[in-house]
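K.L.:
quick one: sequence plus predicted model below, questions after.
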Amino acid sequence: MKIMNFSAANCKSCYKCLRSCPVKAIKFENDQAEIIEDRCIACSHCLLICPQNARKVVSDLSDVKKAIYSGKKIIASIAPSFAGNFAMETGKFVNVLKKLGFSFVEETAIGAEIISDFYMNYVKNAGEGIYITTACTSVNYLVEKYFPSLVDYLIPAVSPMIAHGKLIKEFYGEDSYVVFIGPCMAKKTECQSYFNNNYIDAVLNYDEIHQWIEDANIDLDSMNTQDFDRNSASRGRLFPKFGGIIQCMGEDLKKQNLKVISVSGSDECIDLFTSIQNGDINNIFVEASSCKGSCTGGPDMVTGNHKYYTKLENVNKYLASRKADAVNNISISESNIDLSRTFIDKSFKRDLAFDYDIKKILQSMGKHTPEDELNCGVCGYNTCREKAQAIYEGMAEPNMCLHHMRNKAESLTNVIFEHSANCILFLDGSMNIIELNPACEEVFAVRAANIKTLPVSILMDDTDFKTVKETGVSIIGKKVSYSNYSVIFIQSVVYLPKQDILMVSMVDINNQEENRKKFNLLRENTLNSTQEVIEKQMRVAHEIASLLGETTAETKMLLTKLKKIVETEDGE
Ligand code: SF4
Ligand code: SF4
Ligand code: SF4
């Protein structure tokens with residue numbers, strides 16, 4: 001199931017998401033961003049950074065509400081970074097969650113603590129080697145998909161979230177409903193994975209909880225406080241801090257003959273894993289998280305509004321406050337639950353382009369020489385060659401190169417501007433000439449270099465131009481005559497308000513006018529001639545008619561006479 005992607009309607013193909021994606025798992029087709037699941041490590045940075053908020057994330061909130069209404073036992077497992085994200089007293093927060101419908105509220109730190117013990121036992125038994133912690137789902141995906149040769153170095157333990165889910169189901173029963181509440185979307189994908197096996201039923205992010213609290217109109221001021229339903233010792237609460245896992249493992253880890261490294265941020269993780277993969281670093285225990293500042297920073301660290309140090313301060317205050325009243329009412333050491341899991345090679349097949357293909361693709365982006373390869377990163381790829389490889393794999397399109405598109409547009413515009421038979425003129429908002437093309441130079445007998453920046457009124461009447469600027473209504477196809485230059489134009493004037501520029505295009509219709517005049521004369525002559533012919537014909541017709549009339553009368557007279565003669569002869 002696809003948990004996260006982009007909504008087609010909102011994407012404006014700015015490539016900010018791709019620039020922020022550490023593994024370039026976003027495909028662009030027809031100017032639309034799409035997350036390719038096989039390549040994605042679920043860090044969610046791209047979704048948070050999108051300026052158009054073009055995100056589409058599957059939410060479990062309605063399922064959680066349904067579970068509440070159905071009367072199930074609902075248990076919240078709160079990630080240890082919560083103290084940095086909810087500006088209210090912890091006891092109040094617990095009570096707010098109860099008010100929303102949760103039956104019990106616990107800290108995921110309980111799971112973190114038993115996972116740190118698992119790590120320690122594993123390291124103690126295995127001895128020297130390379131170890132990578134597995135609390136961060138994105139880091140797990142990063143290793144499985146991009147560094148498969150390091151899969152065996154991942155400590156084979158479930159995440160603190162799943163460890164806690166198992167503890168909860170064991171304690172509250174299999175029919176209880178466990179909701180993990182945390183900072184990252186990667187946990188949503190982990191919840192869907194086969195090894196979760198329904199220990200976690202739903203995942204809600206802090207944003208979803210903030211929204212739910214707001215929608216429920218809860219009066220926070222009047223809320224009482226209450227403690228978590230079960231508490232662990234405080235070590236697990238260190239997990240969300242940078243270096244917190246190593247700190248949580250304490251002295252025992254220091255006794256091992258291992259270097260320890262804490263690394264946060266996907267790019268830093270990639271850097272370290274590359275060194276390990278190359279065999280440059282050995283005998284090391286790595287605490288890795290894909291968000292800068294670990295879970296306290298959270299995915300928000302990619303946005304400009306992360307407030308990392310405020311969150312860290314709040315987490316530290318919370319840790320200090322709990323030390324005093326640390327109550328351990330869970331005997332987790334006695335738990336027999338299975339915390340192990342396996343990691344597998346999830347690398348995907350990449351078609352690597354030959355140099356010949358790369359050159360061809362670069363040429364399709366107008367990059368014919370090494371100097372043309374600007375490697376500016378605007379398209380989302382670090383180099384033009386990386387981008388060419390992505391095009392080869394079907395992940396990108398040539399038109400994503402801004403420089404290529406600009407050059408293309410400029411050269412097309414230049415060809416039209418320079419070679420058009422029509423006059424084209426650009427004016428600024430104050431009716432001064434910005435640019436005019438060679439056709440204009442010829443008709444108005446001026447040189448562009450001499451006339452630029454001067455008022456257009458020195459060439460022609462500017463009344464129409466001013467009207468278009470004032471009203472914003474274009475004049476299209478108006479016939480105008482500039483008698484000083486003996487020209488007649490069909491003139492169009494368009495105002496571009498954003499640029500405060502007027503574009504005037506003038507189609508010379510002098511020849512058409514001449515032809516029209518000639519045609520009118522010809523038509524007039526033809527009409528006159530036709531009229532003459534008609535009149536002549538009428539005259540002839542009349543004459544024929546009158547002649548016919550005369551002869552008819554004479555014939556009638558003769559026949560009458562003849563008839564009378566015949567009648568007379570008969571009567572004798
Ligand atoms: S950040 Fe990505 S998804 Fe958002 S508008 Fe830009 S290209 Fe589209
Ligand atoms: S979630 Fe992370 S890995 Fe996946 S596409 Fe977005 S930025 Fe890339
Ligand atoms: S020049 Fe173009 S292809 Fe090269 S990195 Fe910049 S935008 Fe990408």
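P.N.:
That came through, no problem. Ligands and ions are numbered 1, 2, ... in the order given.

K.L.:
drop to CA atoms for contacts and neighbour counts, all remaining ones
P.N.:
OK.

K.L.:
any idea which helix or strand in the chain has the lowest mean pLDDT?
P.N.:
Using mean pLDDT, DSSP states H and E, helix 510-571 stands out as the lowest-scoring helix or strand of the chain, at a mean of 70.

K.L.:
residue boundaries of the strands in the stretch 301-450 of the chain?
P.N.:
Remark: strands assigned in the stretch 301-450 of the chain by DSSP state E, counting those that start in this stretch are 423-428, 433-436.

K.L.:
now the stretch 1-150 of the chain
P.N.:
Using DSSP E, counting those that start in this stretch, strands in the stretch 1-150 of the chain cover 4-6, 26-29, 32-35, 55-57, 74-78, 104-107, 130-132.

K.L.:
kindly reformat those strands as TSV containing mean pLDDT, distance to ligand 1 and mean neighbour count.
P.N.:
Formatted as TSV, the strands of the stretch 1-150 of the chain follow (pLDDT from 0 to 100; distance: least, C-alpha to the nearest ligand atom, whole Å; neighbours: other C-alpha atoms under 10 Å):
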stretch	mean pLDDT	distance to ligand 1	mean neighbour count
strand 4-6	89	6	21
strand 26-29	95	8	20
strand 32-35	94	5	20
strand 55-57	86	7	16
strand 74-78	96	30	25
strand 104-107	94	34	22
strand 130-132	96	31	23
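
K.L.:
out of the strands of the stretch 301-450 of the chain, flag the one nearest ligand 2.
P.N.:
Closest approach to ligand 2 among the strands of the stretch 301-450 of the chain (C-alpha to the nearest ligand atom): strand 423-428, 43.0 Å.

K.L.:
got the contact list for that closest one?
P.N.:
With contact meaning C-alpha atoms under 8 Å, 6 or more residues apart in numbering, strand 423-428 is reached by 417, 433-440, 443, 456, 500-508.

K.L.:
hmm, try it at 7 Å
P.N.:
Residues outside strand 423-428 that contact it (C-alpha atoms under 7 Å, 6 or more residues apart in numbering): 433-437, 439-440, 500-507.

K.L.:
ditto for stretch 303-319
P.N.:
With C-alpha under 7 Å, 6+ apart, stretch 303-319 has contacts from 48-49, 81, 83-85, 296-297, 300.

K.L.:
can you flag which of those belong to helices?
P.N.:
Among the contacts of stretch 303-319, the members found in helices (DSSP state H) are 48-49, 83-85, 296-297.

K.L.:
report the contact partners of C291.
P.N.:
Counting by C-alpha under 7 Å, 6+ apart, C291 has contacts 264-266, 297-299, 301.

K.L.:
show me which of the residues you listed are buried.
P.N.:
264-266, 297-299, 301 (16 or more other C-alpha atoms under 10 Å).

K.L.:
K98 is nearest to which of the strands of the stretch 301-450 of the chain?
P.N.:
Judged by C-alpha to C-alpha, the one of the strands of the stretch 301-450 of the chain that comes nearest to K98 is strand 423-428, at 64.3 Å.

K.L.:
ok, back up a step: now the two most distant members of the contacts of C291.
P.N.:
Using C-alpha to C-alpha, the contacts of C291 span at most 12.8 Å, a distance reached by S266 and G297.

K.L.:
next one: phi and psi at P455?
P.N.:
The phi/psi pair for P455 (degrees, to the nearest 10) reads phi -70, psi 140.

K.L.:
quick check, it in contact with E435.
P.N.:
No: P455 is beyond contact range of E435, at 11.7 Å (criterion: C-alpha atoms under 7 Å).

K.L.:
what stretches of the protein score poorly on pLDDT?
P.N.:
1, 232-234, 323-335, 545-560, 562-572 (pLDDT under 70).

K.L.:
please list the residues of it that sit near ligand 1.
P.N.:
For the chain, the residues in contact with ligand 1 (C-alpha under 6 Å from any ligand atom) are 6, 11-17, 33, 50-52, 54.

K.L.:
show me which of those are buried.
P.N.:
Buried members of the residues of the chain next to ligand 1, scored by 16+ other C-alpha under 10 Å, are 6, 11, 13-17, 33, 50, 54.

K.L.:
which neighbouring elements make contact with the strand ranked longest in the chain?
P.N.:
Longest strand of the chain, by residue count under DSSP state E: strand 487-496. Here strand 487-496 touches helix 463-471, strand 475-482, strand 501-508, going by 3 or more C-alpha pairs under 7 Å, 6 or more residues apart in numbering; DSSP states H and E.

K.L.:
what's the closest of these to N520?
P.N.:
Smallest distance to N520 across the helices and strands packed on strand 487-496 (C-alpha to C-alpha): 18.6 Å, for strand 475-482.

K.L.:
so what touches the closest one?
P.N.:
For strand 475-482, contacts defined as C-alpha under 7 Å, 6+ apart pick out 468, 487-494.

K.L.:
out of those, which is most surrounded?
P.N.:
With neighbours taken as other C-alpha atoms under 10 Å, the top of those is V493, carrying 23 neighbours.

K.L.:
that one: what's it in contact with?
P.N.:
Contacts here follow C-alpha under 7 Å, 6+ apart; on that basis V493 touches 465, 474-476, 502-505.

K.L.:
can you pull out the strands in the stretch 151-300 of the chain?
P.N.:
177-182, 202-205, 259-264, 284-289.

K.L.:
tell me which of the ones you listed lies nearest to N231.
P.N.:
Across those, N231 has its closest neighbour in strand 177-182 (16.3 Å, C-alpha to C-alpha).

K.L.:
let's see that closest one as CSV, backbone CA atoms only.
P.N.:
What follows is strand 177-182 as a C-alpha-only set of coordinates in CSV (Å, rounded to 0.1, in the frame of the first residue of the first chain):
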residue,chain,number,x,y,z
TYR,A,177,-5.6,-1.7,19.9
VAL,A,178,-2.1,-0.1,19.9
VAL,A,179,-1.6,3.4,18.4
PHE,A,180,2.0,4.6,18.0
ILE,A,181,2.3,8.4,18.2
GLY,A,182,5.5,9.8,16.9
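
K.L.:
neighbouring strands - and their directions - for it?
P.N.:
Here strand 177-182 is paired, per DSSP bridges, with strand 74-78 (parallel), strand 202-205 (parallel).

K.L.:
distance from the chain centre to the shortest one, please.
P.N.:
In this case it means strand 202-205. Relative to its chain's centre, strand 202-205 lies at 24 Å (C-alpha atoms, centre = their mean, to the nearest Å).

K.L.:
next, S486: phi, psi?
P.N.:
phi 50, psi 40.

K.L.:
can you count the residues close to it?
P.N.:
For S486, using other C-alpha under 10 Å, the count is 10.

K.L.:
and H403, by the same measure?
P.N.:
Neighbours around H403, by other C-alpha under 10 Å: 19.

K.L.:
which residues does the residue nearest to P240 when sequence neighbours are not counted contact?
P.N.:
Leaving aside its sequence neighbours, P240 sits nearest to C295 (C-alpha to C-alpha, 6 or more residues apart in numbering; 4.6 Å). Going by C-alpha under 7 Å, 6+ apart, C295 touches 81, 240-241.

K.L.:
around ligand 3, which positions in this protein sit nearby?
P.N.:
Checking the chain against ligand 3 by C-alpha under 6 Å from any ligand atom, the hits are 373-379, 381-384, 387, 401-403.

K.L.:
swap the cut-off to 5 Å and go again
P.N.:
Residues of the chain lying near ligand 3 by C-alpha under 5 Å from any ligand atom: 374-379, 383-384, 401.

K.L.:
of all of the stretch 301-450 of the chain, which residue lies closest to ligand 2?
P.N.:
Residue of the stretch 301-450 of the chain nearest ligand 2, by C-alpha to the nearest ligand atom: V302 (9.9 Å).

K.L.:
for the stretch 201-350 of the chain, which segments count as helices?
P.N.:
Assigned helices in the stretch 201-350 of the chain, in chain order: 206-215, 244-255, 266-277, 294-297, 308-324 (criterion: DSSP state H, counting those that start in this stretch).
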